[in-house]
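Engineer: Quick one: sequence plus predicted model below, questions after.
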Amino acid sequence: MEGMSSEHVERKTKPADSRRRGEAATEPEERDLPRQAWTLLFELMHAHMRNFPALAAEFELSPVQAHVLRQLGEAPLAMSTLASYLSCDASNVTGLVDRMEARGLVERRSSEQDRRVKMLVLTEAGAALRERLLGRIAEPPEAIASLADDDLRALRDIMRRALHPQ
């Protein structure tokens, strides 16, 4: 993806033709459609995620703490699983959790299956902050919000199919 700007991708992209992806595409631009689509999607997400540290700071969180809050809403999470999720050492997670626990956002509990395993659970304050954070994260960037309704519906439907293929 490095070295392939959106201008480069857009210049190479031709209007969609009626051929299905299953049929043989002869032009290099047509064979490269998945890469072009992914590159553009990645560039959009990357541009939007540059704002994530500032968004996290609105809630007095580090970007990593914001990711932890988002992850913890699903269910209690073992600290070792969180370390794996964050690709870091367990000692780093301990310091991170210490700071979040001091703010009253999370608490450690022993696992019911193995008391040596510490599980992380959102507190009521943590759950409330998570909801506010998720609401803010869900606000689309201007590049998306300004699209026409028909384009937004098409984009939504495409993303649903990409995330949940049948």
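Structural biologist: Yep, that arrived. The model shown is predicted, which means the values in this text are computed figures rather than measured ones.
Engineer: use CA for all of it now, contacts and neighbours both
Structural biologist: Noted.
Engineer: in this structure, which ranges drop under the pLDDT threshold?
Structural biologist: Screening the chain residue by residue with the criterion pLDDT under 70, one finds the ranges 1-28.
Engineer: Helices along that one, start to end?
Structural biologist: 6-12, 28-31, 33-49, 52-57, 63-72, 79-86, 90-102, 124-137, 142-145, 149-163 (DSSP state H).
Engineer: chain center to the fifth one: distance?
Structural biologist: Its chain's C-alpha centre lies 11 Å from the corresponding centre of helix 63-72 when counted by CA atoms, centre = their mean, to the nearest Å.
Engineer: quick one: contacts of it?
Structural biologist: Helix 63-72 is touched from outside by 52-53, 56-57, 82, 96, 100, 120-122, 126, 130, 133-134, with contacts defined as CA atoms under 8 Å, 6 or more residues apart in numbering.
Engineer: how about the nearest residue to Leu82, chain neighbours excluded?
Structural biologist: Leaving aside its chain neighbours, Leu82 sits nearest to Val93 (7.4 Å; criterion: CA to CA, 6 or more residues apart in numbering).
Engineer: burial measure for the one you found, as a count.
Structural biologist: Burial of Val93 is recorded as 18 neighbouring residues (other CA atoms under 10 Å).
Engineer: Quick check: the gap between it and Arg109.
Structural biologist: Distance from Val93 to Arg109, counting by CA to CA, to the nearest Å: 15 Å.
Engineer: hang on, the earlier thing: ok, which of the helices of the chain comes nearest Gln113?
Structural biologist: Closest to Gln113 of these, according to CA to CA: helix 79-86, at 14.4 Å.
Engineer: returning to what we had before: would you agree the residue nearest to Leu82 is in contact with Tyr85?
Structural biologist: No - shown here, Val93 and Tyr85 do not form a contact pair, counting by CA atoms under 8 Å, at 10.5 Å.
Engineer: Alpha carbons only: can I get stretch 45-61 in PDB?
Structural biologist: Extracted C-alpha coordinates of stretch 45-61, given in PDB (Å, rounded to 0.1, in the frame of the first residue of the first chain):
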ATOM      1  CA  MET A  45      -9.400   4.700   7.800                       C
ATOM      2  CA  HIS A  46      -5.700   5.700   8.300                       C
ATOM      3  CA  ALA A  47      -6.500   9.300   7.800                       C
ATOM      4  CA  HIS A  48      -9.400   9.100  10.200                       C
ATOM      5  CA  MET A  49      -7.400   7.200  12.900                       C
ATOM      6  CA  ARG A  50      -4.800  10.000  12.900                       C
ATOM      7  CA  ASN A  51      -7.400  11.900  15.000                       C
ATOM      8  CA  PHE A  52      -7.800   9.000  17.500                       C
ATOM      9  CA  PRO A  53      -5.300  10.300  20.000                       C
ATOM     10  CA  ALA A  54      -7.200  13.700  20.200                       C
ATOM     11  CA  LEU A  55     -10.500  11.900  20.400                       C
ATOM     12  CA  ALA A  56      -9.200   9.800  23.300                       C
ATOM     13  CA  ALA A  57      -7.800  12.900  25.000                       C
ATOM     14  CA  GLU A  58     -11.400  14.400  25.000                       C
ATOM     15  CA  PHE A  59     -12.200  11.700  27.600                       C
ATOM     16  CA  GLU A  60      -8.800  12.100  29.400                       C
ATOM     17  CA  LEU A  61      -7.700   8.700  28.100                       C
END
